[in-house]
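Colleague: Fold the following.
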Amino acid sequence: MTSRLSTLNKKNSNEKLPFSNATGGRFESRPFVVQSKSDNSKQPDLQTSLMQADTYGHHFYKTDLANESATAAVQPKFDNQPIQLGVDKGQGKANLGLSKELDDIKKQNVVSNLLKHKSKEKPPDINSINVGVSFRTDGRGTAHKGHDLKAVEAMNQIEGMKGLQVNSTTLPRNASGEDTPERKANFKELDDIDLLYIPGAPNANKTQVGDNEKDKMLNVPKAPPKPPEFLGQKELSKKQGNKLAEYEKSKEKYDKTKDARKYNERESRSNYEQKLIEVAKTRGIPISAVCAGSWELLQSYGGEVKTIPEGDRDIHKASKSNDTWKIGHKVDVKGGSMLSGMMNKEGQKQDINDVNSTHWASPHRKGEKLVKRDNQEKDRDQDPNKMLDISATAPAKTNTWFEGKASNKQQQESTVEAFESKFGAPTLGIQWHPESYLPGMLGEEQGSEEARKGSQAIFKGMAEAALTSKRKKAVVKELESMNRKRKASQ
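Modeller: Numbering: from 1, shown residues only. Here you go, the predicted model:
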């Protein structure tokens, strides 16, 4: 879409955010075009915003213009009134002629309401983004405030991020402390969210598998005693009454254990995050998920995680909590991926030495494909490979990958360290902890310099994607308003 509109107003191409060239690669070729922050009265016009919204897969038009008729209607529709996008016969050029507002923009005679601001509503702040952070009770609630929210705040200190304010919102709102909060996700939950952030967790994902039962159950919280089938039945036999009494006694005992807290928190948080992720995907909101948070993201696409073989597990997770930020391993970033584009390598393959690591499992793969999970809901039978690509792997300790001599069999033994969406708004799952490398974070000095720079570039790239998501929502809202006014005037 950028190519279709770029000729309309070339003078805007030099006005970029201060950090727009900092990420390089894929992001450098598609800069954001905005007004200078020093003049808060100015906002981008609709034509410019449409160009920006096309970045990172926010496409309004999917039609091949050269092959369409001159009267082809192009979605989306608002209030059942299509916005027409015609084609000049014989030339294959877009003619924004059937909407007066869009036609005026093409002729550069008017600017949109985003610039005029005649609306009574407060104009969107195009120089700030709001990151929704899923709450967790880890560390009696201190992990959320002292690590997750702190990491979002630290994004403001990344080199090249000047001019963009990053704010955070706890999801669900006002959740805090050590007790599992009431979590109820709905479509409006993300109304003011530009980036959804899913942090890690100390417990196994529901989809976890292993080479044996012991590995499968690693870090799985003990489930509560199973209630008898006749629970709730009005009339019970003496035998049933005895069994019910035994169950209630064991349940009361279980509820006082740490396992009960862990199990209830995992169930509550997982169900909530699955709903949040679906809402974000539906609304085109970028998603960033780290460590165990990436497992929730993979689960939503039909994938599963598998425990790392015991012989290799110690290079991914420290045996003692005090050594969490003292271990690391190499990561190989796939060339041509969104992830490599974020890391200033112009989409080239990149090897990062000594990234931090604190996980015992990783996305289950076979060769170059993610494994599709069995026993999915009938209405949600998904193959993760249709929507996701593996974008980074880590070598197994037991092979010669570190020397670059790995065989095909040995390559299959490597763990998945990152995966990303193929289409739409950027969705990125990272197995290591890039947020710990942000300025002022606990693990900032751990690992290599390239790991630190690459991890910070990830957050910078996702911030840019969030800014695009925010602009997209503003553009769609204005298009709807334009269409309602046009419809009312007819």
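Colleague: Assign a three-state SS to the residue nearest to L149 when sequence neighbours are not counted, would you?
Modeller: Sequence neighbours aside, S168 is the residue nearest to L149 in space, at 5.2 Å (criterion: Cβ to Cβ, 6 or more residues apart in numbering). Placement of C-beta: from N, CA and C, glycine included. Recorded secondary structure, S168: strand (DSSP: H, G, I helix; E, B strand; the rest coil).
Colleague: How about I458?
Modeller: helix.
Colleague: Quick check: it touching G429?
Modeller: No. With contact defined as Cβ atoms under 8 Å, I458 does not reach G429; the gap is 11.2 Å.
Colleague: neighbour count winner among those two?
Modeller: G429 (28 against 23; other Cβ atoms under 10 Å).
Colleague: On the three-state scheme, the closest residue in space to the more buried one that isn't next to it in sequence is what?
Modeller: If the residues on either side of it in the chain are set aside, G429 comes closest to S294, at 3.3 Å by Cβ to Cβ, 6+ apart. Under three-state DSSP, S294 falls in the helix class.
Colleague: can you tell me which residues contact the residue nearest to L149?
Modeller: N130, V131, G132, V133, L149, V152, E153 (Cβ atoms under 8 Å, 6 or more residues apart in numbering).
Colleague: Highest neighbour count among those residues?
Modeller: In terms of neighbours by other Cβ under 10 Å, these top out with V131 at 26 neighbours.
Colleague: What is the least confident helix or strand in this structure?
Modeller: strand 73-78 (a mean of 32; mean pLDDT, DSSP states H and E).
Colleague: returning to what we had before: out of the contacts of S168, who's nearest S300?
Modeller: Nearest to S300 among these is G132, at 15.7 Å by Cβ to Cβ.
Colleague: Report the secondary structure state of that closest one.
Modeller: Judged by three-state DSSP, the three-state class of G132 is strand.
Colleague: Surely it is in contact with T169?
Modeller: Yes. Under the criterion of Cβ under 8 Å, G132 makes contact with T169 at 5.2 Å.
Colleague: any idea how far K369 is from the residue located most distally from the centre of the chain?
Modeller: Using Cα atoms, centre = their mean, the residue of the chain lying farthest from its centre is K238. It sits 54.3 Å away. For K238, the distance to K369 equals 56 Å [Cβ to Cβ, to the nearest Å].
Colleague: those strands in the stretch 251-400 of the chain, which residues are they?
Modeller: 287-290, 305-307, 328-333, 350-356, 361-363, 365-366, 369-370, 388-394 (DSSP state E, counting those that start in this stretch).
Colleague: and the contacts of S168 as a markdown table, adding pLDDT and distance to D191?
Modeller: Converted to a markdown table, the contacts of S168 look like this (pLDDT from 0 to 100; distance: Cβ to Cβ, whole Å):
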| residue | pLDDT | distance to D191 |
| --- | --- | --- |
| N130 | 96 | 10 |
| V131 | 98 | 14 |
| G132 | 98 | 10 |
| V133 | 98 | 16 |
| L149 | 97 | 20 |
| V152 | 97 | 18 |
| E153 | 95 | 22 |
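Colleague: what are the ranges of the helices in the stretch 201-350 of the chain?
Modeller: Using DSSP state H, counting those that start in this stretch, the helices of the stretch 201-350 of the chain run over 213-216, 238-254, 258-283, 292-300, 310-313, 338-342.
Colleague: For these, give me TSV that also has distance to P225.
Modeller: Output for those, formatted as TSV (distance: least, Cβ to Cβ, whole Å):
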stretch	distance to P225
helix 213-216	20
helix 238-254	5
helix 258-283	11
helix 292-300	26
helix 310-313	30
helix 338-342	44
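Colleague: Give me the mean pLDDT for stretch 315-330.
Modeller: Across stretch 315-330, pLDDT averages out at 79.
Colleague: same question, stretch 256-270
Modeller: Averaged across stretch 256-270, the pLDDT comes to 93.
Colleague: Same question for stretch 200-208.
Modeller: Here the average pLDDT along stretch 200-208 is 94.
Colleague: Repeat that for stretch 355-364.
Modeller: 91.
Colleague: With stretch 300-308 instead?
Modeller: Computed over stretch 300-308, the mean pLDDT rounds to 95.
Colleague: Could you list the low-pLDDT ranges of the chain?
Modeller: Counting by pLDDT under 70, the chain has low-confidence residues at 1-125, 345, 378-379, 397-413.
Colleague: The residue nearest the centre of the chain pairs with what?
Modeller: Residue closest to the mean C-alpha point of the chain, counted by Cα atoms, centre = their mean, is I287 at 1.3 Å. For I287, the beta-bridge partners under DSSP bridges are L196, T427.
Colleague: Enumerate every residue touching it.
Modeller: L195, L196, Y197, I198, I277, A280, K281, L297, A425, P426, T427, L428.
Colleague: right, and F419 touches L298 too?
Modeller: Yes. Judged on Cβ under 8 Å, F419 makes contact with L298 at a distance of 6.9 Å.
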